[in-house]
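Novice: Below: sequence and its predicted model.
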Amino acid sequence: MRVFTASLATETNTFSPVPTDRESFESAFYAGPGDHPEGPTLCSAPIPVLRARAREEGFTLIEGTATWAEPGGYIRTDVYEALRDEILDQLRAAMPVDCVVLGLHGAMVARDYDDCEGDLLTHIRNIVGPKVVVAAELDPHSHLTKKRMDAADILAAFLEFPHTDFLERGEHLVDLALRATRGEVSPQMASFDCQMIDVFPTNQQPMRSFVDKMSSLQGRDGILSVSLIHGFMAADVPDVGTQMLVVSDGDVSAASQLAEELGKEVRAMRGLTKFELHDIEAVLNIVSTSKRQSKPYVIADVWDNPGGGVAGDNTVVLQAIIDHGIKRAGIATIWDPLAVTFAIAAGEGAILDMRIGGKAGAASGTPTDVRVEVLATAEPGWQSFGTSRVTLGRAAVVRIVGTEIDIVLNTNRTQTFEPDIFENLGVDISTKDVLLIKSTNHFYAGFKPVSRKIFYVGVDGLYPTDPNKTKYSKLIRRIWPMTEASMTSA
């Protein structure tokens with residue numbers, strides 16, 4: 001048995017002014033054939049999983065390129081096509097193959113391609129023919145299109161948000177793909193359009209119970225896999241929105257029936273699943289009037305999250321912390337390549353005036369002008385995300401003079417995942433009253449054990465948070481919350 005694997009992934013916020021080019025991929029994560037590290041990344045988990053299975057079972061594994069760009073705006077057409085063709089050429093060279101397993105994201109959009117993954121999968125199907133098993137792992141914040149459903153035999157998404165199960169779901173996908181290749185199962189996929197856009201954190205109810213239910217259905221009564229495609233509301237594409245995906249063993253009607261049943265459950269939860277957003281002034285009043293403890297409060301600036309494709313250089317909450325007179329805080333991160341360049345050039349221990357953040361545009365807020373001491377620099381800095389390692393690029397920690405407000409500055413835009421983003425640069429979070437982090441929910445698993453309490457706050461910026469106000473020009477169907485009309489037949 002011969003298996004080909006590769007990974008091409010990013011998440012495209014079509015409303016973001018931050019362009020995505022080849023350097024965006026190479027600076028975040030790029031591994032040529034055979035160069036993928038032993039540990040997984042968020043969207044390339046199938047590759048190390050297949051390596052382990054190949055060693056155990058003796059089949060031939062051919063690895064192609066694996067690359068990931070931090071979420072941003074549109075990908076240049078020539079950049080997407082070059083990366084796509086790189087993988088397609090590797091597949092052609094590997095032929096004949098019995099199985100293709102891909103690590104994708106599912107929300108990649110190029111200037112001339114609304115459905116990059118559908119395009120890639122269609123090209124792959126044309127190369128390998130109708131009998132070869134084609135499988136792909138997806139992020140739930142993706143778009144489920146007919147094109148990719150037609151081209152693939154198996155699609156499976158992470159179940160958790162935060163995505164703590166990306167390796168487990170990679171193992172799930174690989175196992176199904178290998179079983180299908182050996183003829184042990186006959187995967188049949190079906191989907192159900194929930195006709196809605198919403199946010200679905202799975203660390204709280206009602207989604208916690210729903211995810212547990214999805215998991216319990218897999219492996220029973222001929223059901224091979226169940227996934228909820230949350231959708232990615234920051235993309236102007238025809239298929240934006242939430243869909244239910246089910247893979248059954250040889251019975252497409254069973255898959256369709258379960259997808260509809262579960263999809264209607266999700267539809268009934270519309271408006272009830274998202275986390276509560278708090279007023280920043282009220283939160284800072286709590287922080288400033290509370291007695292000190294060894295665990296800090298955590299403030300998540302959920303919409304200035306580079307994981308949603310925005311710049312991550314909004315200064316509104318940072319300035320509020322300063323104005324409130326809070327003296328002990330950790331900030332991770334402010335994306336500011338120029339400030340990092342100045343900090344590294346000045347060197348550790350240097351004191352200088354610095355303009356921080358607020359550079360990507362008006363929605364990034366006003367730059368914060370402060371005198372700082374350079375505490376630490378790194379080339380590169382990094383943080384963990386579960387079992388994977390995420391680069392910060394060139395990075396620095398600066399402290400506002402006269403305070404213990406320590407700010408992590410980075411050059412590779414990335415959201416904050418784990419507390420070691422501070423610890424790796426010498427910041428002791430136990431000495432802080434509050435941590436400000438740029439992330440919507442992926443931080444939760446890492447920071448929950450070390451936090452006194454977590455507050456989600458929302459600052460208007462580059463992320464389109466209200467579908468009723470978002471100018472979707474390509475949406476071709478009526479979905480909630482833009483209209484209730486599509487719900488009347490539920």
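Specialist: Perfect, I can see it now.

Novice: who touches stretch 447-460?
Specialist: For stretch 447-460, the surrounding residues in contact (C-beta atoms under 8 Å, 6 or more residues apart in numbering) are 203, 275-280, 283, 293, 295-304, 314, 316-317, 363, 365, 418-419, 429, 435, 437, 444, 465. Placement of C-beta: from N, CA and C, glycine included.

Novice: which SS class is the spatially most central residue of the chain?
Specialist: Centroid check for the chain by C-alpha atoms, centre = their mean gives Gly307 as the closest residue, at 5.5 Å. Three-state call for Gly307 (DSSP: H, G, I helix; E, B strand; the rest coil): helix.

Novice: Could you pull up the contacting residues of the residue lying closest to it once chain neighbours are set aside?
Specialist: Nearest non-adjacent residue to Gly307, counting by C-beta to C-beta, 6 or more residues apart in numbering: Gln415, 3.7 Å away. Counting by C-beta under 8 Å, 6+ apart, Gln415 makes contact with Asn305, Pro306, Gly307, Gly312, Lys438, Ser439, Thr440, His442, Phe443.

Novice: do Gly103 as well
Specialist: So Gly103 contacts 5-7, 9, 43-47, 66, 136-137, 170 (C-beta under 8 Å, 6+ apart).

Novice: Equivalent analysis for Glu63, please.
Specialist: Counted by C-beta under 8 Å, 6+ apart, Glu63 has contacts Phe4, Thr5, Ala6, Pro33, Gly34, His36, Ile47.

Novice: so which strand or helix has the first one?
Specialist: What that stands for is Phe4. Taking DSSP states H and E as the definition, one finds Phe4 inside strand 2-9.

Novice: residues making contact with the very next helix or strand once past that strand?
Specialist: Using DSSP H and E, the helix or strand that follows strand 2-9 in sequence is helix 22-28. If you take C-beta under 8 Å, 6+ apart as the criterion, helix 22-28 is touched by 10, 67-70, 72, 76, 79, 82-83, 391, 393, 412, 414.

Novice: Show me which of those residues is closest to Asp193.
Specialist: Nearest to Asp193 among the contacts of helix 22-28: Thr10, at 24.4 Å, using C-beta to C-beta.

Novice: Distance of the closest one relative to Pro206?
Specialist: Between Thr10 and Pro206 the distance, using C-beta to C-beta, to the nearest Å, works out to 30 Å.

Novice: So these two - more neighbours on which side?
Specialist: Neighbour tally, Thr10 and Pro206, criterion other C-beta atoms under 10 Å: the higher count belongs to Thr10, 26 against 15.

Novice: Not counting sequence-adjacent ones, nearest residue to the more buried one?
Specialist: Once flanking residues are discounted, Thr10 sits nearest to Ala69: 4.0 Å by C-beta to C-beta, 6+ apart.

Novice: That neighbour: neighbour count?
Specialist: Taking other C-beta under 10 Å as the neighbour definition, Ala69 ends up with a count of 27.

Novice: any chance of the contacts of Gly103 in JSON lines, with distance to Leu121 and pLDDT too?
Specialist: Shown next, in JSON lines, are the contacts of Gly103 (distance: C-beta to C-beta, whole Å; pLDDT from 0 to 100):
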{"residue": "Thr5", "distance to Leu121": "14", "pLDDT": "98"}
{"residue": "Ala6", "distance to Leu121": "12", "pLDDT": "98"}
{"residue": "Ser7", "distance to Leu121": "13", "pLDDT": "98"}
{"residue": "Ala9", "distance to Leu121": "13", "pLDDT": "98"}
{"residue": "Cys43", "distance to Leu121": "15", "pLDDT": "97"}
{"residue": "Ser44", "distance to Leu121": "17", "pLDDT": "98"}
{"residue": "Ala45", "distance to Leu121": "18", "pLDDT": "97"}
{"residue": "Pro46", "distance to Leu121": "14", "pLDDT": "98"}
{"residue": "Ile47", "distance to Leu121": "17", "pLDDT": "98"}
{"residue": "Ala66", "distance to Leu121": "16", "pLDDT": "98"}
{"residue": "Ala136", "distance to Leu121": "7", "pLDDT": "98"}
{"residue": "Glu137", "distance to Leu121": "12", "pLDDT": "98"}
{"residue": "Gly170", "distance to Leu121": "17", "pLDDT": "98"}
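
Novice: which regions of the stretch 251-400 of the chain lie under the pLDDT threshold?
Specialist: For the stretch 251-400 of the chain, no stretch has pLDDT under 70.

Novice: and the longest strand for the chain?
Specialist: Longest strand in the chain, counting residues (DSSP state E): strand 368-385.

Novice: helices or strands up against the following helix or strand past that strand?
Specialist: Going down the chain from strand 368-385, the next helix or strand is strand 388-400, by DSSP H and E. Here strand 388-400 touches helix 22-28, helix 337-346, strand 368-385, strand 404-410, going by 3 or more C-beta pairs under 8 Å, 6 or more residues apart in numbering; DSSP states H and E.

Novice: For Leu88, which non-adjacent residue is spatially closest?
Specialist: His123 (5.5 Å).
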